[in-house]
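Asks: Okay, predicted coordinates and the sequence, questions at the end:
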Amino acid sequence: MVNVRNVRGGTGLDPISGEVDEILDSVFANARRTSEEFFDSFDKNPQPIVLAEWLATRAWREIDYVFLLNEEIHRYGLGFERKHITLLAKQAFQEAEHYELVSNAVESLGGTAPTSVPPDSQRWSEFLWECLDRHPLAAVAAWNASETSATGSLEPTFLAGERHGFDEVVRVHRKIEIDEKFHVGLGRQVLGRYAKTDDDRNEILRAMRGMHDIAMSMFTPESATRLLTS
């Protein structure tokens, strides 16, 4: 897991840092475990189209982050320091790059890049946007938990890609791995810098707990192997 606990930027998370760390550790470990289980089964019959469908859900999450981050800037950005507006915009640009890269990988495997929210991601997407409506930091907290969860799937994915010669999948996920270190660190920095009150911290925890529950239901052994038996 990317270690961002010592990211400098503010002390706003200090009163809840233990609970935040517990939530993030949990979603990371769960995504890694279920991804490993998926690829253990995938190895027995490595059909490219199955991996394409697995990755298509990730492609959608990348483009949804683009929409969300830009709306975060639009609604709330002028309440942030200029450097944080710039950094959030940088993340949005990288998420757009990731959508392009993952979509290319999906197509290289014979799949179709998503242009609308996949059914498996509907609840995840709706919750992100609900958080954006609730509080300036809630969506940041939700996507930080989601991004941390996603990092748990990265190593199992590119290791499987290497085993089966899916070079585009490996290249894409090596690139994403580098960028995710910046993304999860930025989320931690923004939350620490702008959380001022107990209400702020309660909204952060509500968003992270909600995303934790969604991630735990999305990344299960049953959902991870569904594609293998469909």
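Replies: Now that the structure is in, tell me what you want to look at. Numbers count the residues shown, from 1 in each chain.

Asks: ok, now how distant is Glu22 from Phe28?
Replies: 11 Å (CB to CB, to the nearest Å). C-beta coordinates here come from the backbone N, C-alpha and C atoms, glycine included.

Asks: do the same with Glu37
Replies: Taking CB to CB, one finds Glu37 at 15 Å from Phe28.

Asks: which one of these two has more residues nearby?
Replies: Phe28 (21 against 16; other CB atoms under 10 Å).

Asks: Now do the same for the closest residue to Glu107 other than its chain neighbours: helix, strand or coil?
Replies: Excluding the flanking residues, the one nearest Glu107 by CB to CB, 6 or more residues apart in numbering is Ala113, at 6.2 Å. Using DSSP: H, G, I helix; E, B strand; the rest coil, the three-state assignment for Ala113 comes out as coil.

Asks: Gln94: neighbouring residues, count only.
Replies: Residues lying near Gln94 (other CB under 10 Å) number 22.

Asks: So His84 sits against Gly187, correct?
Replies: No: taking contacts as CB atoms under 8 Å, His84 lies outside contact range of Gly187: 10.9 Å.

Asks: So what's the gap between stretch 117-124 and the chain middle?
Replies: Centroid separation between stretch 117-124 and its chain, computed with CA atoms, centre = their mean, to the nearest Å, is 13 Å.

Asks: With neighbour numbers in mind, choose between His84 and Gly187.
Replies: Per other CB under 10 Å, whichever of His84 and Gly187 has more neighbours is Gly187, with 25 against 18.

Asks: how much space is there between the more buried one and Met218?
Replies: For Gly187, the distance to Met218 (CB to CB) stands at 19 Å.

Asks: For the closest residue to Gln94 other than its chain neighbours, give me its contacts.
Replies: Of all residues not flanking Gln94 in the chain, Asp179 sits nearest, at 4.9 Å (CB to CB, 6+ apart). Applying CB atoms under 8 Å, 6 or more residues apart in numbering, we find Asp179 in contact with 94, 97-98.

Asks: Distance check, the residue nearest in space to the middle of the chain against Ala56.
Replies: Centroid-nearest residue in the chain, with CA atoms, centre = their mean: Glu147, separated by 2.6 Å. As judged by CB to CB, Glu147 and Ala56 stand 18 Å apart.
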